[in-house]
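Colleague: build me a model from this:
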Amino acid sequence: MEIGNALNWFEIPVTDFMRAKKFYETIFDYQMPQSQVGPALMGFFLYDFQNGKVGGAIVERPGFHSPSQSGSLVYLNCQPNLQIVLDRVIPAGGSIITPKTIISPAEKLGFWALILDSEGNRVALHSMN
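Modeller: This next block holds a predicted model:
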């Protein structure tokens, strides 16, 4: 087996697609492309697909998965500084569980924060600064 990225794709479940799309567009300050993929309505986080980078989407697919505060935890890339994104969370309809926190000063792993999105999902944010 070839070892590559630990993450291949992620989906963040949503119950109100337009509300969730507006939340993520607001905190990241970009428009999410959207598409109906079979029974799922998907809004895509921007990523470099052509160069093999990993991406993901918000997904509304009733009966398949539901927003949660206690399942897998996705860390979203907020380079160059997650504080910029974090400052948009509350005005966009989310809440902050853990403010910007250094991970390990000795190991220089950057910073993280934990939020609840507009749908009630627990989502982590990460940046090196």
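
Colleague: quickly note the distance from residue 93 to residue 4.
Modeller: Distance, residue 93 to residue 4, by Cβ to Cβ, to the nearest Å: 35 Å. For every residue, glycine as well, the C-beta is placed using N, CA and C.

Colleague: between those two, who's got more neighbours?
Modeller: Taking other Cβ atoms under 10 Å, residue 93 and residue 4 do not tie; residue 93 has more neighbours (16 against 9).

Colleague: that one is in contact with residue 119, isn't it?
Modeller: No - counting by Cβ atoms under 8 Å, residue 93 stays clear of residue 119, with 9.4 Å between them.

Colleague: need the overlap of contacts for these two.
Modeller: Counting by Cβ atoms under 8 Å, 6 or more residues apart in numbering, the common neighbours of residue 93 and residue 119 are 19, 23.

Colleague: can you tell me the SS state at residue 92?
Modeller: coil (DSSP: H, G, I helix; E, B strand; the rest coil).

Colleague: assign a three-state SS to the closest residue to it other than its chain neighbours, would you?
Modeller: Nearest residue to residue 92 in three dimensions, chain neighbours excluded: residue 26, at 3.9 Å (Cβ to Cβ, 6 or more residues apart in numbering). Three-state call for residue 26 (three-state DSSP): helix.

Colleague: doesn't residue 85 make contact with residue 26?
Modeller: No - counting by Cβ under 8 Å, residue 26 stays clear of residue 85, with 9.8 Å between them.

Colleague: who has more neighbours, those two?
Modeller: Set residue 26 next to residue 85 and count neighbours by other Cβ under 10 Å: residue 85 wins out with 23 against 17.

Colleague: the residue nearest to residue 86 when sequence neighbours are not counted: how many residues sit nearby?
Modeller: Leaving aside its sequence neighbours, residue 86 sits nearest to residue 113 (Cβ to Cβ, 6+ apart; 5.2 Å). By the criterion of other Cβ under 10 Å, residue 113 has 22 neighbours.

Colleague: also residue 73?
Modeller: 11.

Colleague: so who does it touch?
Modeller: For residue 73, the contact set (Cβ under 8 Å, 6+ apart) comprises 122-124.
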